[in-house]
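S.K.: Okay, predicted coordinates and the sequence, questions at the end:
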Protein chains: 6
Amino acid sequence: MQSFEKRTTALDTSQPSIRHLQDLIRHKTPVAVQVPGVGELEGILHWQDIDYLALKQDENRPLTLINRAAAATIRALG
Amino acid sequence: MQSFEKRTTALDTSQPSIRHLQDLIRHKTPVAVQVPGVGELEGILHWQDIDYLALKQDENRPLTLINRAAAATIRALG
Amino acid sequence: MQSFEKRTTALDTSQPSIRHLQDLIRHKTPVAVQVPGVGELEGILHWQDIDYLALKQDENRPLTLINRAAAATIRALG
Amino acid sequence: MQSFEKRTTALDTSQPSIRHLQDLIRHKTPVAVQVPGVGELEGILHWQDIDYLALKQDENRPLTLINRAAAATIRALG
Amino acid sequence: MQSFEKRTTALDTSQPSIRHLQDLIRHKTPVAVQVPGVGELEGILHWQDIDYLALKQDENRPLTLINRAAAATIRALG
Amino acid sequence: MQSFEKRTTALDTSQPSIRHLQDLIRHKTPVAVQVPGVGELEGILHWQDIDYLALKQDENRPLTLINRAAAATIRALG
């Protein structure tokens, strides 16, 4: 049996964590994300999806994609 | 075949670990969470969901979201 | 399509490892669990579930929940 | 029951991160990929699939396959 | 909908790696298993299941369960 | 409900990475595989399956199985 499955999976907004991050994005709250082996990355979250967080570390730099699995902790700096 | 599936997955409260954490949350028991590459984070667990634990490390600081996969050990400090 | 699925998943006792750990729990055999980035934790396993091992490191301390994915090795000290 | 399933899974282009990386590939934008335990790898992304990113670090060297799970952060150097 | 599913999943012996390990077990071939953050563990593999490898490091010591995900490399010492 | 499922899952050859590795195997191209916490392993890939890469590091030594999840980067040395 061959199944070609284009899974379009949406974020599960029933999860408090997804809504918490959505608030931080909406309010452009500065955050710190700890990435073991890389360090603590600070900036504004622009968006989140199933696998990545998009962080704007500096107005003059492009977005940094952070692998959700690599983001050990996320906390608002507000 | 394209399936748009908005999976709303609840915590599996048949698991002893989920209930154990639920008790710690309900009783506001101080805990220590070991996060390899970050350190030991202490505070009160406010909530848990499928992917994250929400820890209040200090009354004057916002919640810290801890990626469940990054939380190697969790123990009550009570 | 929205599916609310409360998955109640039991431990797969057909796996030798689950039965091996169940024996250690039943016989209260002292064990050592290596958790990279944390160290070697010694104690008595009280229970196991899908995602965590519950270790009693010391009679006077609460249980320590160890994330199964973080427990690199488990060996009896008996 | 034995199921032989040749799962052909396509990239989920509904995810912003997949489209973001697709743009970087299309525009041959130089990127830096942080791989904990290995270092920061710089180059041009040639393609992405479910499990790997293909990075051309140097015109005279073959492609480097980077395990998506090992790529903690990805940012454009443009 | 609540589904109580006791998934009994067998090892996929169509995979060359499972058969390779099965040979090492059958022939009691000494092996070395690299476990990042723990070190290199040597001994005889007694069995394997979905999630763990069982290694006899020394005739006088109990089995060591190694989490498959933590076993970065496995090689015969024969 | 108990389901005994012997999942025989084939490599998804629609993925460019699987085909890329298949080429390296077919042409016996020397490769370097970075395994965080272990180091860089060089040799010839003999085969790949769902969970492991089989590397011949030296004609006089047995195969080394590398856990795919532990192989952070793979690049041809050719």
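M.R.: Sure, I can see it. Predicted model, so just to flag it, every value in this text is computed and none were measured. Residues are numbered from 1 along each chain as shown, chains lettered A, B, ... in the order given.
S.K.: Strands along chain A, start to end?
M.R.: With DSSP state E as the criterion, chain A has strands at A:2-9, A:30-35, A:39-48, A:52-56, A:64-67, A:73-76.
S.K.: Contact partners for A:V31?
M.R.: Contact partners of A:V31, counting by CB atoms under 8 Å, 6 or more residues apart in numbering or on different chains, are A:24, A:42-45, A:55, A:74-77. For the C-beta atoms, the positions are set from N, CA and C on the backbone; glycine is no exception.
S.K.: any idea which of those residues is closest to chain C?
M.R.: A:I74 (18.0 Å; CB to the nearest CB).
S.K.: Bridge partners for the residue nearest the centre of chain A, pull those for me.
M.R.: The C-alpha lying nearest the average C-alpha coordinate of chain A belongs to A:L53 (CA atoms, centre = their mean; 2.2 Å). A:L53 has these beta-bridge partners by DSSP bridges: A:Q48, A:I66.
S.K.: can you pull the contacts of it?
M.R.: When contacts are counted by CB under 8 Å, 6+ apart, A:L53 touches A:21, A:33, A:45, A:65-66, A:68, A:71, A:74.
S.K.: now the closest residue to chain B within chain A: how far from E:V31?
M.R.: Closest approach between chain A and chain B, counting by CB to the nearest CB: A:P36, at 2.5 Å. Computed as CB to CB, to the nearest Å, the A:P36 to E:V31 distance reads 29 Å.
S.K.: try A:L21
M.R.: 43 Å.
S.K.: ok, and for stretch A:56-69, which residues are buried?
M.R.: A:57, A:62-69 (16 or more other CB atoms under 10 Å in any protein chain shown).
S.K.: for stretch A:21-38, that is, sorry about that
M.R.: Buried residues in stretch A:21-38 (16+ other CB under 10 Å): A:21, A:24-25, A:31, A:33-38.
S.K.: out of the residues you listed, who's nearest chain F?
M.R.: Nearest to chain F among the buried residues of stretch A:21-38, with distances taken as CB to the nearest CB, is A:G37, at 7.9 Å.
S.K.: close enough to count as contact, that closest one and B:P36?
M.R.: No. At 9.8 Å, A:G37 does not count as touching B:P36 under the criterion of CB atoms under 8 Å.
S.K.: Give me the common contacts of these two.
M.R.: Applying CB under 8 Å, 6+ apart, one finds that no residue jointly contacts A:G37 and B:P36.
S.K.: show me what contacts A:V35?
M.R.: A:41, A:66, A:70-72, D:34, D:36, D:72-73.
S.K.: what's the pLDDT at it?
M.R.: If you check A:V35, the pLDDT there is 98.
S.K.: Flag the shaky bits of chain A, pLDDT-wise.
M.R.: For chain A, the stretches flagged by pLDDT under 70 are A:1-8, A:78.
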